[in-house]
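Student: would you be able to build a 3D model of this:
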Amino acid sequence: MQAKTMFKLSVLASALALAGVVIALGGWLFGPGLIQLLYSQQYAGAARPLQILSLAVLPTFINYALTHFLVALRRQRLNLLFNIIIFGVNLALCLVLIPQFGSSGAALATGLSEGVLLILCVLSLLRITHD
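Tutor: Below is the predicted model of the structure:
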């Protein structure tokens, strides 16, 4: 793979990671206040799941670039395989975490699933670029 292409991927992933960090920190720090401001005390229980989901924004943003890059490299089958894996991971995590932690468990399952997808994409792209 050309160094120029890898540089472009690196710049794109870095920009998305930076945006993800800003949104994640904003959601974590200001999410509870935002819930209180917009929806009053009635929805205070939504603050923790919102904070957890805010942290999931970081891998989600990076995954957006990486999965599209896999498609650009004509590796759609890997993308499909990863989606099947993540579906199973998310389902299993939801079955375990939701009964124990409620909506926070669902948010945590989403974040962990995005983390698994990030690992799968990075490992695959490293392998592809070294072939």
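Student: please make it C-alpha for all contacts and neighbour counts, starting now.
Tutor: Noted.
Student: give me the buried positions along the lengthiest helix in the chain.
Tutor: Scanning the chain for the helix with the most residues, using DSSP state H, yields helix 3-39. Buried residues in helix 3-39, counted by 16 or more other Cα atoms under 10 Å: 13, 16-17, 20-25, 27-28, 31-32, 35-36.
Student: same check on stretch 74-88?
Tutor: Result for stretch 74-88 [16+ other Cα under 10 Å]: buried residues 75, 78-79, 82, 85-86.
Student: check which helix or strand covers the most centrally placed residue in the chain.
Tutor: With distances taken as Cα atoms, centre = their mean, residue 60 lies nearest the centre of the chain, 2.6 Å away. Assigned by DSSP states H and E, residue 60 belongs to helix 47-72.
Student: distance between the longest helix of the chain and the chain's centre?
Tutor: In terms of Cα atoms, centre = their mean, to the nearest Å, the centre of helix 3-39 is found 10 Å from the chain centre.
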